[in-house]
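Peer 1: Here's my sequence, what's the structure:
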Amino acid sequence: MNHFLLPTSPKNDSSNTRYGAAIDTLVESMANLGCSTCSLEAQIFGGGAVVEHLTSVGADIGERNILLAKSRLAQHRIKVVHQNVGGELAQKIHFDSVTGQVIVKKIDALPGRQNRCAKTSQLSRRKIRALTVDDSPTVLAIYRKIIELDGRLELIGQAHDAYEARDMIVSFNPDVITLDIIMPKMSGLEFIRKLMKYYPKAVVIISTIAKVGSKIQKMALSAGACDVIDKESLNIYGGLEKAKNILLRRLKAAGDEPTERLASLY
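Peer 2: As a prediction, this is how the structure comes out:
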């Protein structure tokens, strides 16, 4: 059984069960245990239009989740024996893994929907406050130029090391932090571990040693980073266009995650 919120991960991580792409990992795990996919059956539930308050992920998220589930199961040639999808009501699912029986309870989400929408609309219109941390003044200047190009982002400070960053975090409470790894006084990995323990924040690691699939990238994600960018992929010394297209999108995605969590409280 996999209850997922979004179709795919922005990091293409099929092991994170928050995303529907984890279906592949689940099927692979069952195959490793000796189960043949031709003997598997699936049931699909949910996909209703009940998360419209998560404005940053789009109003069609339920439909996309349904399509993802069906397409992934079809790729694995797993037969869908029952489905109860779509609509506007949430579903509470009880699955008996011995008999395969599923009991579904419909939940009307309408009573609190207007209040949630109003609250989240206010949250989504607010600026995402960013703090950039890098020991290079040139790199910080480039980050400043890029962030100032986007009306949703507000640069509230720039720090040259972890100690400066700590003071600015306490003083200005940023929504998202960019963080280099190789820095004086304290490495970015050591700093993010301390930060996540005492003052958790959305952190985007940007480093030349954090290559895609590298051990450093995995260490950064394990330490608590919500995203990791190879600094060389930004080509920051070759103009702003490529860096702008990559950095702005991923900073806003990281900064919006707290908004989505807050929205779920209303």
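Peer 1: Going by residue numbers, what spans are helices in the chain?
Peer 2: Here the chain has its helices, by DSSP state H, at 22-32, 61-75, 113-125, 137-147, 162-172, 188-198, 215-223, 231-234, 241-263.
Peer 1: To residue 8, which of the ones you listed lies closest?
Peer 2: Comparison of the helices of the chain against residue 8 by CB to CB identifies helix 61-75 as nearest, at 7.1 Å. (Glycine included, C-beta is placed from N, CA and C.)
Peer 1: First residue to last residue on stretch 73-91, what's the distance there?
Peer 2: Stretch 73-91 has an end-to-end distance of 21 Å (CA to CA, to the nearest Å).
Peer 1: Which one of the helices of the chain has the poorest average confidence?
Peer 2: Note on those: helix 113-125 shows the lowest mean pLDDT, a mean of 57.
Peer 1: Show me the protein divided up by domain.
Peer 2: Annotated domains of the chain cover 22-111, 122-263 [automatic domain parsing].
Peer 1: Could you dump the helices of the chain into TSV and include mean neighbour count?
Peer 2: Formatted as TSV, those follow (neighbours: other CB atoms under 10 Å):
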stretch	mean neighbour count
helix 22-32	15
helix 61-75	17
helix 113-125	14
helix 137-147	17
helix 162-172	16
helix 188-198	17
helix 215-223	16
helix 231-234	18
helix 241-263	18
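Peer 1: Only alpha carbons, please: show stretch 233-244 as CSV.
Peer 2: Extracted C-alpha coordinates of stretch 233-244, given in CSV (Å, rounded to 0.1, in the frame of the first residue of the first chain):
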residue,chain,number,x,y,z
SER,A,233,25.6,23.5,-13.7
LEU,A,234,24.6,27.1,-13.1
ASN,A,235,27.4,28.4,-15.3
ILE,A,236,27.3,31.6,-13.2
TYR,A,237,30.4,33.1,-14.9
GLY,A,238,28.9,32.6,-18.4
GLY,A,239,25.9,34.9,-17.9
LEU,A,240,22.8,34.9,-15.8
GLU,A,241,20.3,33.2,-18.1
LYS,A,242,21.1,29.5,-17.3
ALA,A,243,21.6,30.2,-13.6
LYS,A,244,18.4,32.2,-13.4
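Peer 1: wait, doesn't residue 87 sit right on residue 46?
Peer 2: No - Residue 87 is beyond contact range of residue 46, at 9.4 Å (criterion: CB atoms under 8 Å).
Peer 1: of those two, who's got more company?
Peer 2: Neighbour count, other CB atoms under 10 Å: between residue 87 and residue 46, residue 46 has more, with 20 against 14.
Peer 1: For the residue lying closest to that one once chain neighbours are set aside, give its distance to residue 70.
Peer 2: The shortest distance from residue 46 to any non-neighbouring residue, by CB to CB, 6 or more residues apart in numbering, is to residue 91 (5.5 Å). Distance, residue 91 to residue 70, by CB to CB, to the nearest Å: 17 Å.
Peer 1: Report the beta-bridge partner residues of residue 206.
Peer 2: Note on residue 206: beta-bridge partners residue 229, judged by DSSP bridges.
Peer 1: Let me know how buried it is, in neighbour terms.
Peer 2: For residue 206, using other CB under 10 Å, the count is 30.
Peer 1: That one against residue 183, yeah?
Peer 2: No - look at residue 206 against residue 183 with CB under 8 Å: they stay out of range, at 11.6 Å.
Peer 1: can you list residues touching both of those two?
Peer 2: Residues touching both residue 206 and residue 183 (CB atoms under 8 Å, 6 or more residues apart in numbering): residue 134.
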